[in-house]
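Chemist: can't give you the sequence, but here's the structure:
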């Protein structure tokens, strides 16, 4: 497990994710990005992999177990321009930590229907799970103190980088 945040090259990790999913996705699978970093990744993957089926964006805001503390946050609304019922869905996120966001997102998906399968792909798994959730595809693993937050940033040219807060 990597303990050096400074060695995380978001662009290189994205390229590895792209190759991994290109070899994994079935043609009918829908990419669904989790706001906000995952949504940026899903949008770019959709384009770079020349996916023919629609992709979506899902927000965890309404199903978070800390909703009373966080409120609606700065999240954009869920947009799923396809039938969720019976769909194969690949959730895309930047960083997997406690698993609480993924739990909330799965609950949100089921508000729209019952998918055939839900898979998870992330750039970084930073461990520290509080729920029994793991990624099907995790490009790298890092160990960070619980008080620190690793965030994906996107510049005006669409290039990715990580920032560390806390």
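Modeler: Yep, it's here. The structure presented is a predicted model; accordingly, all values stated were derived computationally and were not measured.

Chemist: Could you pull out the strands in this protein for me?
Modeler: For the chain, the strands defined by DSSP state E cover 30-34, 56-58, 88-96, 117-125, 137-141, 149-154, 160-165.

Chemist: of these, which approaches residue 7 most closely?
Modeler: Shortest distance between residue 7 and these, using CB to CB, is found for strand 137-141: 9.1 Å. Every C-beta, even on glycine, is put in place using the N, C-alpha and C of the backbone.

Chemist: Count the residues that sit near residue 110.
Modeler: As a burial measure, residue 110 scores 13 neighbours (other CB atoms under 10 Å).

Chemist: rewinding a little: tabulate the strands of the chain in JSON lines, adding columns for mean pLDDT.
Modeler: Converted to JSON lines, those look like this (pLDDT from 0 to 100):
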{"stretch": "strand 30-34", "mean pLDDT": "98"}
{"stretch": "strand 56-58", "mean pLDDT": "97"}
{"stretch": "strand 88-96", "mean pLDDT": "98"}
{"stretch": "strand 117-125", "mean pLDDT": "98"}
{"stretch": "strand 137-141", "mean pLDDT": "97"}
{"stretch": "strand 149-154", "mean pLDDT": "94"}
{"stretch": "strand 160-165", "mean pLDDT": "94"}
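
Chemist: Out of these, flag the one nearest residue 76.
Modeler: That would be strand 56-58 among the strands of the chain, by CB to CB, at 6.5 Å.

Chemist: ok, residues contacting that closest one?
Modeler: 30-35, 39, 42, 76, 78-82, 91, 105, 108-109 (CB atoms under 8 Å, 6 or more residues apart in numbering).

Chemist: of those residues, buried ones?
Modeler: Neighbour counting over the contacts of strand 56-58 (16 or more other CB atoms under 10 Å) leaves 30-35, 39, 42, 78, 80, 82, 91, 105, 108-109 as the buried ones.

Chemist: Tell me which two in these are the farthest apart.
Modeler: 35 and 82 (17.5 Å).

Chemist: Just give me how far stretch 20-36 sits from the chain centre.
Modeler: 10 Å (CA atoms, centre = their mean, to the nearest Å).

Chemist: Alright, I will stop here.
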